[in-house]
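Visitor: The sequence and its predicted three-dimensional model are supplied below.
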Amino acid sequence: MLQPMPHIVAIIPAAGVGSRMKADIPKQYLTIGNQTILEHTLSVLDKVQYINEIVLVVASHDSYLDDIKENFCRLTKPIKTVVGGQERVDSVLAGLNALPKDAWALVHDAARPCVLVKDIEQLIETCLSQNMGGILASRVKDTMKRSIKGSNQITETVSRDNLWHALTPQLFPTHQLVASIELSQKHNATVTDEASAIEFAGGQVLMCESSATNLKITTPDDLQLATLILNAKQM
Ligand SMILES: Nc1ccn([C@@H]2O[C@H](COP(=O)(O)OP(=O)(O)OP(=O)(O)O)[C@@H](O)[C@H]2O)c(=O)n1
Ligand SMILES: C[C@](O)(CO)[C@H](O)COP(=O)(O)O
């Protein structure tokens, strides 16, 4: 990187309840091996050379964080905690509001512990060299179908040309992302990732190819797959 590096803060939305996982506790606190999913994710981000600090966004009633906080001493980067909101976008905004406006925000789901350090560093290098925000994404490889609402009957085949899965991290200048989310919320636009807020506000977004193993642990079978991936990484 030739130009001076901006201050980059990783925001980790970890305030969800994990309803689709159907577990007794929020999925980010389920364990794989000897660590929670959240700790696995934090340990990956802690290895990214360009990240200066971490902001962890947790639920106001989170009663699990205290059980793992003592392990944060193993992290090299400063970490602080803020309280999230009702939706993921509210939690992201809470994290953004804890950042200096001239920082870049790297938003990464706590539920994506299999992300690769090299993919995150490639995303940061690409975005900063083009001075444009971007996301990790993976190309759609399967034939895509759309079903009748509420049924599993096919209504159409959706072209997979130039179709990607949006993943995380998603990296944007803090001031741009805050303004875009606030505009989206003012117009009741649906924002399920940071890029959709940027797009709604007319901004451009880069996509960097990610390893397809960067799955979001959402349902029980995702937990099984992530366990296989993380165990394989340990070998
Ligand atoms: N109000 C919310 C909702 C979600 N998240 C976080 O956003 C990430 C991606 O969201 P998702 O996978 O949907 O998690 P949950 O909302 O917990 O899952 P579900 O939709 O199944 O309840 C997760 O790390 C989750 O903890 C958050 O910080 N605040
Ligand atoms: C941000 C995200 O992980 C990109 O794919 C996804 O939009 C999160 O969606 P969720 O419904 O909050 O899991």
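Guide: All right, it came through fine. In this text, all values refer to a predicted model and were calculated from it rather than measured experimentally. Residues are numbered from 1 along each chain as shown. Ligands and ions are numbered 1, 2, ... in the order given.
Visitor: which SS class is P13?
Guide: What DSSP: H, G, I helix; E, B strand; the rest coil gives for P13 is strand.
Visitor: how much space between the closest residue to it other than its chain neighbours and ligand 2?
Guide: Spatial nearest neighbour of P13, excluding adjacent residues (C-beta to C-beta, 6 or more residues apart in numbering): S91 at 4.5 Å. Glycine gets a C-beta too; all of them are placed from N, C-alpha and C. Using C-beta to the nearest ligand atom, to the nearest Å, S91 is found at 10 Å from ligand 2.
Visitor: Then Q86?
Guide: Computed as C-beta to the nearest ligand atom, the Q86 to ligand 2 distance reads 12 Å.
Visitor: Can you report how many residues lie near the residue of the chain found nearest ligand 1?
Guide: Among the residues of the chain, G16 lies nearest to ligand 1; the distance is 2.1 Å by C-beta to the nearest ligand atom. Other residues lying near G16 total 22 when counted by other C-beta atoms under 10 Å.
Visitor: Just give me the longest strand of the chain.
Guide: If you go by DSSP state E, the chain has its longest strand at strand 164-173.
Visitor: Just after that one, pick out the following helix or strand.
Guide: helix 174-186 (DSSP states H and E).
Visitor: so how far is the helix or strand just after that following helix off the chain centroid?
Guide: For helix 174-186, the following helix or strand on the C-terminal side (DSSP H and E) is helix 194-200. Between the centre of helix 194-200 and the centre of its chain there are 14 Å (C-alpha atoms, centre = their mean, to the nearest Å).
Visitor: Pull the number of nearby residues for L75.
Guide: 15.
Visitor: do L65 as well
Guide: L65 has 17 nearby residues by other C-beta under 10 Å.
Visitor: Tell me which helix or strand the residue nearest to P13 sits in.
Guide: Applying DSSP H and E, one finds S91 within helix 88-96.
Visitor: for ligand 1, what are the nearby residues on the chain?
Guide: Within the chain, the positions adjacent to ligand 1 are 13-20, 28, 57, 84-88, 91, 109-111, 216, 218 by C-beta under 6 Å from any ligand atom.
Visitor: what's the helix or strand where D221 lies in contact with?
Guide: Using DSSP H and E, D221 maps to helix 220-234. For helix 220-234, the surrounding residues in contact (C-beta atoms under 8 Å, 6 or more residues apart in numbering) are 21-23, 27, 30, 32-33, 37, 40, 113-114, 213, 215-217.
Visitor: Name the nearest of these relative to ligand 2.
Guide: Out of those, the member with the shortest distance to ligand 2 (by C-beta to the nearest ligand atom) is K216, at 5.0 Å.
Visitor: circling back to that earlier point, ok, is the longest strand of the chain in contact with ligand 2 or not?
Guide: Yes. Judged by C-beta under 6 Å from any ligand atom, strand 164-173 comes into contact with ligand 2 through A166, L167, T168.
Visitor: Adding distance to M144, pLDDT and neighbour count, write those residues out as a markdown table.
Guide: A markdown table is the format used below for those (distance: C-beta to C-beta, whole Å; pLDDT from 0 to 100; neighbours: other C-beta atoms under 10 Å):
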| residue | distance to M144 | pLDDT | neighbour count |
| --- | --- | --- | --- |
| A166 | 14 | 98 | 17 |
| L167 | 17 | 98 | 25 |
| T168 | 21 | 98 | 27 |
